[in-house]
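In: predicted model and sequence below, questions to follow.
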Amino acid sequence: MNPPITKLYALILVLFAALVAFTSKWAVFDSTSLQDENANRRPLIEEQQVKRGFIRTADGVTIAESHPEGGGAHPVYVRDYPQGSRYGNPVGYSFVQAGQTGIERSENAALAGERNEFKSILDELRGVPQEGDNITLTIDSRLQQVASDSLQASIDQFGIDSPGGAAVALDPSTGAVKAMVSLPGYDPNSVKDTSVLQQLNSKGSGSPLFNRATQSTYPPGSTMKVVTAAAALDSGEFTPDTILSGHSPQNIGGVPLFNAGGEEFGDIDMTTALTHSVNTYFGQVGEQLGTDTMVEYMKRFGFYSDPELDYPDGQMAPSGPYNSDGHLVTADFDVGRVAIGQGGEEGQDLTTPLQMAEVAAIVANGGELMEPTFLQQVTDPDGRVTEKLSPHVQSTAISPETASQLTEMMTNVTAEGTAANLSLASGTTFAGKTGTSEIDVDAGINQPWFIGFAPAEDPQIAVAATIERCQGCFGADAAGPVVTQVMDAALAEGG
Amino acid sequence: MSARNRELLALIPVALLVTAGFTAVFIVESNQIGDISLIYGGYFLAVCVGVHLFIRVRLPYADPYLFPLCALLAAVGLVMLFRINDELALKQASIFVAGAVLLALTILFVRDYHVLQRYRYLIATAGILLLLAPRLPGIGTQVNGAYLGIDLGPFSFQPAEIAKICIVVFLASYLAEKRELLAVAARRVAGLTIPPIKHFGPLLVVWGATMIMLIYIRDLGSSLMFFGAFLALLYVATQRLSYVIAGLTLFLVGATLIASQITHVQDRIDIWQHTFDKNPCHLSEQELHAGDDCGVGQIQQSLFAQADGGLFGKGLGESLLRLPGPFAPDCHQPFPDCGSILPAPHTDEIYALIVAELGLFGGVGVIVIYALIAARGFKTAVMARDGFSKLLAAGLSAVFALQAFVIIGGVVKVIPLTGVTLPFVSFGGSSVIANMILLALLLMISNDARRPPPPAREGGPVVEGLPA
């Protein structure tokens, strides 16, 4: 009976080999596809079991933290936003029910503690429960508060049809985002409730989830003249003293272009033209530079691509001339009108508030565009710094000479030009440019802008602010005060 | 080195495994299990040494590796149970005491297992009655549509575990006596070997009993295991592959017919074939709404748990098992009967948990231990000196290995998943006790087989003739 016993054992071994083969299939070969299977809730649940790191402002105010909820020894961590709506944008939210947006999304890997394999094995051996890294943002809570409050005040005073608005403050020498406000805001704590989330996403809600500072593209109006002047000076084709006619109207792109209010200027130089925001002058500059030079300089300033900010791609938009199909165009648009922040069907200049803040920051920083960033530092749960802000030059847009010429011209704007009504509390000189783009000419509805930096001689802060709709208002009176108040707050802190 | 010293040495890995495993789990879960629970491991090791000493006295020639290998499995099981819930580990350690006592009692009272041949019909009847017990009103209980257990007041019991030993004893005894008749007196008709009907009667009874199990207790897994053991023994006894093929065909025909009639069996097959389909077993809206999933969730979770394991596993106590906080359902039963993402992690799905936490290597390790135990069992069968011993050892080894195959096979989706325990590893009284009795029988057979022949009085040593 021995041979059949041996054969029987061989059969058993074959059966066991099948078990080994199938175990390998599930545990190793098909592992990834099983983890992606819809019915598999394990990855989701496991992520909730990790204590997510906190998010703080540069001055130590907690914006987001996680608290254990339920389950005793097996809790899940739920996000809490103690500052409510103040940081809804740009920080965003992170909930199982609602998903992730904003910085919560772009920094998820660090916050969720997805560190390198070797370190997590060490942690496992040490029995350390997995915990996320903590993030300190470059945002300053006082600047954020001033920006938010003053923007809201301007909207309340000038806005019609409950418009939105945005303000961005950058440190020109490092690219650090010191404040970013998008109004109307929302309380990230509320989106845990999916019905609230749906309502915030619905029409007529005022789109509070939308980060207007990075996502909304608006006609920049005369603030665009800074880019045009930069291109004119840096290309060597113009100097601040180049004389052109300020007569209104001028034939630009085959269509008469008027100065604001039809105001007449004689033969003027560029400094005067920028100081008084003369459309006809810069329309001619645009046409003389030509499309290629304008596109080249817009690109140098960061137009035509998403800002190089550590932020979700879906929540940023590039700036530049858009045609009526919504595509960015690099040729065949009315370059004279784009040069003054306008345009037509074949190309309407549209920019984000972040982009316009970068324009001011480039001039402030001697022509170099610093890569914008939210990250001051990342620390692991033991307090060790794993990542620190290191300023990075994104591009050299213009020469230092051009930048200093522009600074002088923009200082004239606030001294005796369209923004002469604005001043800083300390009396510090500052540089700026107003913008007032016409949204509805017949109803007199405008979008006011102001961009600038301070102090003019040693820039510490660059700011851009805009409000979507106001009636009969101008950049200097509606958007200007937002910028100057943020500058005051920043300088008070620095000093 | 003597066999008994080798056995003692082979227990060292068991001690190491228990110590390392308990320490690892304790470190990970120290916030919720008491220091006292660490002694459950010591408790278990003491039982192992006790059993070893008993074997040393009563069965000095027994196979030295059978017991340590089984203890190794039990150690793996105990560590996993400790990881699930320290109370489970305490209960299981206590069950091992009862099992060890029963092992000793079996060896003491049966003394010469050959006497079992005399009571074979009684044993077969007892086996079949045990199988039918879960259908008896009052004590029978239904789990997932199958009637697997009986409820005797404070404890429940799965009679199929004991019945499998009864059936194997009967078959071994019957076939040892009739095998020559079955094999030799066969006639060949049209190229097929037809066995003499007269001698096949009792075997058809066994086949019938298996089918009855499918119909009445709806236990596909045990049926597979029983019938597999039956065919294995028939083959070993007669060496006729044609019988095995005929038997398999009969089983498949019977099973197909029965599956088409009994929804529970059909469902098991449907969820095996269409694990990731929507509503694989065609439930009505009403049933779906009531939360019925005809068990497809279990096999899905089984695969998801293994997918988390990878090559080396997540580490003891590190895989997701207990549903945390708001994900946990409202439980009326304690964990892990409720609130575990992997259903039945301590019984049916313990292998999936092993793969999740110890990885492919852990899973293969367990399979290798079963293969080694089967190897020692079959070796005993080869060495045994008479037909009954050979058939009994082969039958017990086969049924043991098949049980491991049926449940692991279900968990890794080689075959439909059924509720059979993983021998020595799964939590459960009847399983441990039945397998301890099985182990006792194997140890007794090996003790006989390996006993040195008595010294010859005159001339050369007497060589006992091995049965052909």
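Out: Perfect, thanks for sending it.
In: every contact and neighbour count from this point should use C-alpha atoms.
Out: Fine.
In: distance of the residue in the stretch 101-250 of chain B positioned nearest to chain A relative to A:Ile103?
Out: The minimum distance from the stretch 101-250 of chain B to chain A, using C-alpha to the nearest C-alpha, falls at B:Val236 (5.1 Å). According to C-alpha to C-alpha, to the nearest Å, B:Val236 stands 70 Å off from A:Ile103.
In: hey, where'd the strands end up in chain B?
Out: Applying DSSP state E to chain B gives strands spanning B:140-143, B:146-152, B:155-157, B:187-189, B:192-194.
In: nope, the stretch 251-400 of chain A is what I meant
Out: In the stretch 251-400 of chain A, the strands defined using DSSP state E, counting those that start in this stretch lie at A:255-257, A:267-268, A:320-322, A:343-344, A:347-350, A:368-370, A:375-379, A:385-388, A:393-396.
In: and stretch B:49-59, how far from the chain's centre?
Out: Per C-alpha atoms, centre = their mean, to the nearest Å, the displacement of stretch B:49-59 from the mean C-alpha position of its chain is 23 Å.
In: model confidence over that stretch, on average?
Out: Average pLDDT, stretch B:49-59: 94.
In: kindly report the same for stretch B:412-428.
Out: Stretch B:412-428 carries an average pLDDT of 90.
In: quote the end-to-end distance of it.
Out: By C-alpha to C-alpha, the extent of stretch B:412-428 from end to end equals 21 Å.
In: in that stretch, which residues are buried?
Out: Neighbour counts over stretch B:412-428 (16 or more other C-alpha atoms under 10 Å in any protein chain shown) mark B:412-428 as buried.
In: which of those are close to chain A?
Out: Restricting the buried residues of stretch B:412-428 to those touching chain A (C-alpha under 8 Å from any C-alpha of the partner chain) yields B:Val412, B:Lys413, B:Val414.
In: got phi/psi on the last one?
Out: Reported as degrees, to the nearest 10, the phi and psi values for B:Val414 are phi -80, psi -40.
In: correct me, but it touches A:Phe22?
Out: Yes. B:Val414 is within contact range of A:Phe22, at 7.0 Å (criterion: C-alpha atoms under 8 Å).
In: contacts only, for the closest residue to A:Ile103 other than its chain neighbours.
Out: Excluding the flanking residues, the one nearest A:Ile103 by C-alpha to C-alpha, 6 or more residues apart in numbering or on different chains is A:Val91, at 4.7 Å. Going by C-alpha atoms under 8 Å, 6 or more residues apart in numbering or on different chains, A:Val91 touches A:Thr101, A:Gly102, A:Ile103, A:Glu104.
In: so what does A:Val91 look like in phi/psi?
Out: phi -70, psi -40.
In: OK, contacts around B:Val382?
Out: A:Met1, A:Asn2, A:Ile5, B:Lys390.
In: the closest residue to the second one other than its chain neighbours and B:Val355: what is the separation?
Out: Right, A:Asn2. In space, and not counting its chain neighbours, A:Asn2 is closest to B:Val382: 5.4 Å by C-alpha to C-alpha, 6+ apart. In this structure, B:Val382 and B:Val355 are 34 Å apart, going by C-alpha to C-alpha.
In: what's the answer for B:Asp330, then?
Out: B:Asp330 sits 28 Å away from B:Val355, going by C-alpha to C-alpha.
In: ok, A:Ile467 next?
Out: With C-alpha to C-alpha as the criterion, A:Ile467 and B:Val355 are 59 Å apart.
In: between those two, which is the more surrounded one?
Out: The neighbour comparison of A:Ile467 against B:Val355 (other C-alpha atoms under 10 Å in any protein chain shown) goes to B:Val355, with 33 against 28.
In: quick check: the more buried one vs chain A, distance?
Out: Applying C-alpha to the nearest C-alpha, to the nearest Å, the value for B:Val355 to chain A is 7 Å.
In: if I pick that residue, what's in contact with it?
Out: Residues in contact with B:Val355 (C-alpha under 8 Å, 6+ apart) are A:Thr23, A:Ala27, B:Ala305, B:Gln306, B:Gly309, B:Gly310, B:Gly313, B:Phe361, B:Gly362, B:Gly363.
In: can you lay out these as TSV showing pLDDT and distance to A:Gly343?
Out: Compiled in TSV, the contacts of B:Val355 are given as follows (pLDDT from 0 to 100; distance: C-alpha to C-alpha, whole Å):
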residue	pLDDT	distance to A:Gly343
A:Thr23	96	65
A:Ala27	94	60
B:Ala305	94	59
B:Gln306	95	60
B:Gly309	91	59
B:Gly310	90	59
B:Gly313	90	61
B:Phe361	95	67
B:Gly362	95	69
B:Gly363	96	69
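In: residue boundaries of the helices in the stretch 101-250 of chain A?
Out: Remark: helices assigned in the stretch 101-250 of chain A by DSSP state H, counting those that start in this stretch are A:102-106, A:108-111, A:117-126, A:141-158, A:194-201, A:225-234.
In: and among these, the most buried is which?
Out: Across the helices of the stretch 101-250 of chain A, averaging neighbours per residue (mean count of other C-alpha atoms under 10 Å in any protein chain shown) puts helix A:225-234 on top, at a mean of 25.
In: what mean pLDDT does that helix have?
Out: 96.
In: tell me who's in contact with the residue lying closest to A:Gln377 once chain neighbours are set aside.
Out: Distance criterion C-alpha to C-alpha, 6+ apart; nearest residue to A:Gln377, sequence neighbours excluded, is A:Lys388 at 4.3 Å. Contacts for A:Lys388 (C-alpha under 8 Å, 6+ apart) come out as A:Leu375, A:Gln376, A:Gln377, A:Val378.
In: just these now: which is nearest chain B?
Out: Minimum distance to chain B across the contacts of A:Lys388 is 26.6 Å, recorded for A:Val378 (C-alpha to the nearest C-alpha).
In: so stretch A:41-55, near chain B or not?
Out: Yes. Under the criterion of C-alpha under 8 Å from any C-alpha, stretch A:41-55 makes contact with chain B via A:Arg42, A:Ile45, A:Glu46, A:Gln49.
In: and A:Glu358, what does it touch?
Out: Residues counted as contacts of A:Glu358 (C-alpha under 8 Å, 6+ apart) are A:Leu170, A:Pro172, A:Phe301, A:Leu369, A:Ala462.
In: could you export the residues you listed as a markdown table, including pLDDT?
Out: A markdown table is the format used below for these (pLDDT from 0 to 100):
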| residue | pLDDT |
| --- | --- |
| A:Leu170 | 97 |
| A:Pro172 | 97 |
| A:Phe301 | 96 |
| A:Leu369 | 96 |
| A:Ala462 | 97 |
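In: which one of those has the most neighbours?
Out: Ranked by neighbour count under the definition other C-alpha under 10 Å, the contacts of A:Glu358 are headed by A:Ala462 with 35 neighbours.
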